[in-house]
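Peer 1: need a structure here:
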Amino acid sequence: MGAGHGHGHGHSDGRGGVETASGRHRTRLMISFAMVATFFVVELLAGIVTGSLALVSDAGHMAADVVALGAALVATRIATRPDSTGRRTYGSYRAEVFASGLAVLIMLGVSVYVVVEAVGRVGDDVEIQTGPVLVVGALGLLVNLISIALLRAGAQESLNLKGAYLEVMADTVGSIGVIAAAILVSLTGSSWWDTVVALAIGLFVAVRALMLGRQVLAVLGQHVPEGLAIEDVATALQQVPGVADVHDLHVWVLTSGMNVATAHLVVVEAADPQQVLAHAGTLLRRDHEIEHATLQVEASKTTSCAELAW
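Peer 2: Numbering: from 1, shown residues only. As a prediction, this is how the structure comes out:
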């Protein structure tokens, strides 16, 4: 009957905390934020002047990018902020997950707005200045492609950055749509194409938001990390020398790149509890990417654990 912790060795954030996955890409995130925020103003003004709903919808989506990137930046700072209350025993790492959730809500809001505007414009004959629309769409595409290149690596490591990355990815499709709308309106003389493209952009953004939302809810619901089978973890722990049984095993994600686990290990009488703890902790880090594990060793299953209602 003892407990032990398995600890990984994270990177320092320079302020005494542990640097998160998204924190390691903060500079690239800041550059992307500056570019997108600047171009959002340009695109919104151009959309109003040219009368292009596709351009306005893409500007709305870019506004979502600005908020998502800004929230991601704030979250990377909050995540490693020292706790002065003594109540946040897990720190503030989940701020990054909440930032991803905010990105989802913004994307869904923009989608609804664009769809409503597109439906309301059906039957209206709107004059659109295709030349400026084409130029602004091309510039928007360039800004998005640069942002994608900056955020791609971080999106593989952090759910927070993945939310920002998907926002920019979706906006890239929107920029392509704006260019297509300008060309089609110019060739056919019909503003209907601008409305169709705006509607397509809105639906595409909604689909991407729902996909990211599922991942955010999985983390907040403390589901087993994606790609990890809890049965494999249990089997591996049972094979640790000296372990007779494993129960009360829980594995979840604190924030991107930080998997956490707790478990009770029933050990045989002759086993050395400290050796069992050391072996189990190493196994979890090496084979299952669980950097922090709280493990308790027991001589036999306790009645209190066996009778837990949850």
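
Peer 1: Going by neighbour count, which residues of the helix or strand containing residue 33 are buried?
Peer 2: Assigned by DSSP states H and E, residue 33 falls within helix 26-50. The neighbour-count check on helix 26-50 (16 or more other C-beta atoms under 10 Å) flags 26, 28-29, 32-33, 35-37, 39-40, 43-44, 46-47, 50 as buried. Any C-beta I mention is one placed from the backbone N, CA and C, and that applies to glycine too.

Peer 1: which helices and strands does that helix pack with?
Peer 2: For helix 26-50, the contact count by 3 or more C-beta pairs under 8 Å, 6 or more residues apart in numbering; DSSP states H and E identifies helix 53-79, helix 130-155, helix 159-188 as packing neighbours.

Peer 1: Could you figure out how far that helix is turned away from helix 159-188?
Peer 2: 30 degrees (axes from the mean of the first three to the mean of the last three C-alpha atoms, to 10 degrees).

Peer 1: neighbouring contacts of helix 26-50?
Peer 2: The contact list for helix 26-50 (C-beta atoms under 8 Å, 6 or more residues apart in numbering) reads 22, 52-53, 55-56, 58-59, 62-63, 65-66, 69-70, 72-73, 76, 128-130, 132-133, 136, 139-140, 143-144, 146-147, 150-151, 154, 161, 164, 168, 171.

Peer 1: out of the helices and strands packed on helix 26-50, which comes closest to residue 292?
Peer 2: helix 53-79 (15.0 Å; C-beta to C-beta).

Peer 1: any idea which helix or strand comes after that closest one?
Peer 2: That would be, after helix 53-79 and using DSSP H and E, helix 95-121.

Peer 1: So for that next one, what gets flagged as buried?
Peer 2: Using 16+ other C-beta under 10 Å as the test for burial, helix 95-121 gives 95-104, 106-111, 114-115, 117-118, 121.

Peer 1: what does stretch 171-183 give?
Peer 2: Those would be 171-182, for stretch 171-183 by 16+ other C-beta under 10 Å.

Peer 1: Using CSV, please lay out those residues together with pLDDT and distance to residue 246.
Peer 2: As requested, the buried residues of stretch 171-183 are exported to CSV (pLDDT from 0 to 100; distance: C-beta to C-beta, whole Å):
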residue, pLDDT, distance to residue 246
171, 78, 46
172, 84, 46
173, 81, 46
174, 78, 49
175, 84, 52
176, 88, 51
177, 84, 52
178, 83, 56
179, 88, 57
180, 87, 56
181, 84, 58
182, 85, 61
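
Peer 1: Can you add distance to residue 284 and give the helices and strands packed on helix 26-50 back as TSV?
Peer 2: Shown next, in TSV, are those (distance: least, C-beta to C-beta, whole Å):
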stretch	distance to residue 284
helix 53-79	23
helix 130-155	25
helix 159-188	21
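
Peer 1: hey, least reliable of the ones you listed by pLDDT?
Peer 2: Mean pLDDT is lowest for helix 53-79 among the helices and strands packed on helix 26-50, at a mean of 75.

Peer 1: helices and strands around that one, which ones?
Peer 2: helix 26-50, helix 95-121, helix 130-155, helix 159-188, helix 192-220.

Peer 1: Cheers, nothing more for now.
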